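Novice: Give me coordinates for this.
(2 chains)
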Amino acid sequence: MEKLDLKTLRLAAAKSRLLAVDAVHEAASGHPGGSLSCLDMLTALYFHEMNIDPANPKDPDRDRFVLSKGHCTPALYATLAQRGYFPIEQLKLFRSIKAHLSGHPDMVNVPGVDMSTGSLGQGLSAAVGMAIAAKLQGKSYRTYAICGDGELAEGQIWEAAMAAAKWKLDNLCVFVDVNGLQIDGRTADVMPTEPLDQKFAAFNWKVLKVDGHDMAAILEALAAAREVKGQPVVILAATTKGKGVSFMEGQAGWHGKAPNDEQFAQARSELEAQIRELEG
Amino acid sequence: MAGKIATRNAYGEALAELAEKYPELVVLDADLSGATMTKFFAAKYPERFFDCGIAECNMTGIATGMATAGLKPFTNTFAMFAAGRAYEQVRNSVAYPHLNVKIVGSHGGVSVGEDGATHQCVEDFALMRVLPGMLVCCPCDGHEMRLAVEALLNYEGPAYLRLQRSAEEIFTDEIPGYRFELGKGVTLREGRDVTLIATGLMVNIARKAAALLEAEGIDARVLDIHTIKPLDEELVLKAARETGAIVTSEEHSVIGGLGSAVADLVAENCPVPVLRHGVNDEFGRSGKAGEVLAYYGLTAEKLAEKARAAIAMKK
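Specialist: Okay, here's the model as predicted:
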């Protein structure tokens, strides 16, 4: 696929936002807040950065992606569907007993999912294993992951961080979706994880920082990450939970709650307006 | 072969020996390579050996990523930490996506000895057996272990393998007609009055119990069940039908392990008395391996007692 220009990427992200919120509304269940905060990163990865082919989702040489914050399936599935891994209409069956679009990523049944996740803290270890495997097998594929900032309270994340540095995994690039909110409230109150830059630097990672909703900055960071040698890269992405839907933005309460019909109508009109603006 | 060897040593030697034939084999350890005996592999194939430090959960997760890329990872630590500490990683990241990761728990059971209860895992069979699609294997001697390692290298899917610390007699190499196949038990001794169904270190103790019973005129069948899941249902039900009484024996809690698996199967298909010989819902304690086994009644004499009791329960 041709690499898309910035405007087209922004449009893809906006469309995914609508698909994600629509899926959560349809299911009357799911996690809109963190899905909306990570969608620009996901779009950059799947529509620009990663070497992938939706027609050949198990290609041994493809780039890998692990959604360590696995509850954000609305974002991942919307991205995979738009990218052509499965029909967009299937998103209507998100979390439904009638289909395989499970609440958390399922690598066995959902085309394009590289690792089953959902139990927080475990995805990064799997990504480390994929990156080690590439080095051992002499393959050039790269491995990407997205973690949540609340997720970083899991000790296994830091076990994995040590291991990635030990094996100098410069083929591993991890986003942290720093939206500052988790189920019980502000991450700074629930369990402070900052200063993340100093923490990752102390674990011997290369640290980059971006505005997680600035597509150009995300692409630049990904390009810079490719140039780093001898250590893994973390991109700390400052984001807004619920990005794109005014009443969800910055509200911890929208972590794992579906909008009702009225709320969805408002969300849809806001997201459709964003799409129209980008199409204009 | 004869002689004595701990199954952990036989395992470690087998890994090193089979590494050339199986280039996808990679070995992970959590700072215990000198105890789990992965040190032999590490010395020969350092580029395929990954010491993850004292971080069993991450080790398990790294193995899952490796498995998605077509490698055959074997993770190694004590049974307590393999099945216990990293349980949820095994459940959600290995078993749920049915990845080809071999979880190896060394130092299983109370025969760990001196280290005591915190390091004596008697719950691993139960924890692993309850996971959908998880194979559970516990070879009884060094010869069987060697065969189990190669069989697991050729088995695609998640599996748990228990090793043991103490050196024990090798005997399966001298059993006429002995053949190893995952999921298939081995009849070590024919018998009509009762069947002793054992796994791991208790298999040889069951043979000794059968000899004690023979002296009293009791003809005990002895089955070696190295694969606890999937259980060799045909062999167990045949024993239930033909001998009418069963005693299971394992270096594990009587709850949830081989005894429970056999009791479930027999109760549903061919109800006959089943008595479970194992650790009776308690924690371990420090002592020399033999002393600890005796403390918990994991001896041929106690197993023979259970056999007599099972026979007495026959209608």
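Novice: Skipping its backbone neighbours, what lies nearest A:S116 in space?
Specialist: Of all residues not flanking A:S116 in the chain, B:P97 sits nearest, at 4.1 Å (Cβ to Cβ, 6 or more residues apart in numbering or on different chains). Quick note: C-beta positions are derived from backbone N, CA and C, even for glycine.
Novice: Three-state assignment for that neighbour, please.
Specialist: Classification of B:P97 into helix, strand or coil gives coil, according to DSSP: H, G, I helix; E, B strand; the rest coil.
Novice: swap in A:S119?
Specialist: At A:S119 the chain is in coil, as set by three-state DSSP.
Novice: hang on, the earlier thing: I'd say the residue nearest to A:S116 and B:Q89 touch.
Specialist: No. At 11.9 Å, B:P97 and B:Q89 do not qualify as touching, with contact defined as Cβ atoms under 8 Å.
Novice: quick one, phi psi at the residue nearest to A:S116?
Specialist: Backbone geometry at B:P97, expressed as degrees, to the nearest 10, gives phi -80, psi 10.
Novice: In contact with it, which residues are there?
Specialist: Neighbouring residues of B:P97 by Cβ atoms under 8 Å, 6 or more residues apart in numbering or on different chains: A:D106, A:M107, A:V108, A:M115, A:S116, B:T64.
Novice: Out of these, who's the most crowded?
Specialist: Per-residue neighbour counts (other Cβ atoms under 10 Å in any protein chain shown) across the contacts of B:P97 peak at B:T64, which has 32 neighbours.
Novice: Whatever helix or strand that residue lives in and chain A in contact?
Specialist: When elements are assigned from DSSP states H and E, B:T64 belongs to helix B:56-68. Yes. Judged by Cβ under 8 Å from any Cβ of the partner chain, helix B:56-68 and chain A are in contact via B:C57, B:N58, B:T60, B:G61, B:I62, B:A63, B:T64, B:G65, B:M66, B:A67, B:T68.
Novice: Show me what the mean pLDDT comes to for whichever helix or strand comes after that helix.
Specialist: Going down the chain from helix B:56-68, the next helix or strand is strand B:72-78, by DSSP H and E. Averaged across strand B:72-78, pLDDT comes to 98.
Novice: Got phi/psi on residue 278?
Specialist: In the absence of a named chain, this looks at chain A. Note on A:L278: its backbone torsions stand at phi -70, psi -30 [degrees, to the nearest 10].
Novice: other chain: chain B
Specialist: When quoted as degrees, to the nearest 10, the phi and psi of B:G278 stand at phi -180, psi -160.
Novice: Contacts only, for A:D149.
Specialist: When contacts are counted by Cβ under 8 Å, 6+ apart, A:D149 touches A:V176, A:D177, A:V178, A:N179, A:G180, A:Q182, A:T187, A:T193, A:L196.
Novice: A:I157 too?
Specialist: Shown here is A:I157, whose contacts under the criterion Cβ under 8 Å, 6+ apart are A:S68, A:G121, A:L124, A:C147, A:E151.
Novice: try 6 Å
Specialist: A:G121, A:L124 (Cβ atoms under 6 Å, 6 or more residues apart in numbering or on different chains).
Novice: That one falls within a strand, correct?
Specialist: No. Following the definition three-state DSSP, A:I157 is helix and is not counted among the residues of a strand.
Novice: Quick one: mean pLDDT for stretch A:69-84?
Specialist: When the per-residue pLDDT values of stretch A:69-84 are averaged, the result is 98.
Novice: show me where chain A has strands.
Specialist: Taking DSSP state E as the criterion, chain A contains strands spanning A:64-67, A:143-148, A:172-178, A:181-182, A:185-186, A:206-211, A:233-238.
Novice: So which of the contacts of B:P97 belong to helices?
Specialist: In helices, defined here by DSSP state H, the members of the contacts of B:P97 are B:T64.
Novice: Pull the most distant pair out of the contacts of B:P97.
Specialist: Using Cβ to Cβ, the two most remote members of the contacts of B:P97 are A:D106 and B:T64, lying 14.0 Å apart.
Novice: who touches the spatially most central residue of chain B in this structure?
Specialist: Centre of chain B computed as the mean C-alpha position; nearest residue by Cα atoms, centre = their mean is B:C138, 1.8 Å away. B:C138 makes contacts with B:R162, B:T199, B:G200, as judged by Cβ under 6 Å, 6+ apart.
Novice: so where's the stretch 1-150 of chain B uncertain?
Specialist: Flagging of the stretch 1-150 of chain B using pLDDT under 70 yields the residue ranges B:1.
Novice: got TSV for the strands of chain A, with distance to A:N260 too?
Specialist: Listed next are these as TSV, based on distance: least, Cβ to Cβ, whole Å:
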stretch	distance to A:N260
strand A:64-67	27
strand A:143-148	25
strand A:172-178	26
strand A:181-182	21
strand A:185-186	23
strand A:206-211	31
strand A:233-238	30
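Novice: Is it possible to get JSON lines of those that adds mean neighbour count?
Specialist: As requested, the strands of chain A are arranged in JSON lines below (neighbours: other Cβ atoms under 10 Å in any protein chain shown):
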{"stretch": "strand A:64-67", "mean neighbour count": "28"}
{"stretch": "strand A:143-148", "mean neighbour count": "29"}
{"stretch": "strand A:172-178", "mean neighbour count": "28"}
{"stretch": "strand A:181-182", "mean neighbour count": "26"}
{"stretch": "strand A:185-186", "mean neighbour count": "14"}
{"stretch": "strand A:206-211", "mean neighbour count": "19"}
{"stretch": "strand A:233-238", "mean neighbour count": "24"}
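Novice: Of these, which is nearest B:S111?
Specialist: When the strands of chain A are ranked by proximity to B:S111, the top entry is strand A:64-67, at 39.4 Å, counting by Cβ to Cβ.
Novice: Max pairwise distance over the contacts of A:D149: which two?
Specialist: For the contacts of A:D149, the farthest-apart pair by Cβ to Cβ is A:Q182 and A:L196; their separation is 14.3 Å.
Novice: So which of the contacts of B:C138 would count as near chain A as well?
Specialist: Among the contacts of B:C138, none lies close to chain A by the criterion of Cβ under 6 Å from any Cβ of the partner chain.
Novice: Chain A: which of these is nearest?
Specialist: Taking Cβ to the nearest Cβ as the measure, chain A sits nearest to B:R162 out of the contacts of B:C138, at 23.3 Å.
Novice: so what's the closest one bridging to?
Specialist: Each beta-bridge partner of B:R162 is listed here: B:G105, as defined by DSSP bridges.
Novice: which residues in chain B form helices?
Specialist: Residue ranges of the helices in chain B, as given by DSSP H, are B:7-18, B:33-36, B:39-44, B:56-68, B:79, B:87-89, B:124-129, B:142-153, B:202-215, B:233-243, B:258-269, B:289-295, B:300-312.
Novice: if we can go back for a sec, okay, the residue nearest to the centre of chain B and B:R192: tell me how far apart.
Specialist: Noted for B:C138: a distance of 27 Å to B:R192, by Cβ to Cβ, to the nearest Å.
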